[in-house]
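Student: output the structure for:
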Amino acid sequence: MKQVGLIMLLCFTSFYAIAQSSVEIPKKEFTVHADAQAVDIAAGSTGKINLQIMRSKNFQKSEASFRVASSLPEGITIRYDAQNESDYAAVITTTAQVTPGTYQVIMNCTIHNKTKGVIVKLKII
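Tutor: Numbering: from 1, shown residues only. Alright, predicted model coming up:
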């Protein structure tokens, strides 16, 4: 009887850990997640934020497009590189002349005329 209880406890713990670590697939539309809420980049260098799109069944095969919805100071550019259908890398490049500071960057993803986004804090040092 103790073995059954122990097995049940281990199964529950495993399922709980898996549920906590994964991102839930939405039932409608899609969601966008960033692997970091903030990134520090030195002036004149490049940084990267990984973005993941979690798609509902109706949005599985549709093309996604990314754009920056916030205004960035001169000297900062962001390029989106597709890794596969769901994973993208936002490559942030700065010039040596960019003004140091902290900026909020809104990265929007559009699929089927629906737009979702994430906000990332970008600190130029």
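Student: phi and psi next, for the residue nearest the centre of the chain.
Tutor: Geometric centre of the chain, nearest residue: A34, 1.9 Å, by Cα atoms, centre = their mean. Taking degrees, to the nearest 10, you get phi -110, psi 150 for the backbone angles of A34.
Student: distance of V105 relative to M54?
Tutor: Distance from V105 to M54, counting by Cβ to Cβ, to the nearest Å: 20 Å. The way it works is simple: take the backbone N, C-alpha and C, and place the C-beta from them, glycine included.
Student: quick one, helices of this protein?
Tutor: Along the chain, counting by DSSP state H, helices occupy 2-21.
Student: low pLDDT regions in it?
Tutor: 1-23 (pLDDT under 70).
Student: ranges for the strands of it?
Tutor: Counting by DSSP state E, the chain has strands at residues 30-34, 38-41, 46-55, 65-68, 76-82, 87-94, 101-111, 114-124.
Student: a markdown table for those, including distance to E24?
Tutor: Shown next, in a markdown table, are the strands of the chain (distance: least, Cβ to Cβ, whole Å):
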| stretch | distance to E24 |
| --- | --- |
| strand 30-34 | 8 |
| strand 38-41 | 23 |
| strand 46-55 | 7 |
| strand 65-68 | 22 |
| strand 76-82 | 23 |
| strand 87-94 | 17 |
| strand 101-111 | 17 |
| strand 114-124 | 14 |
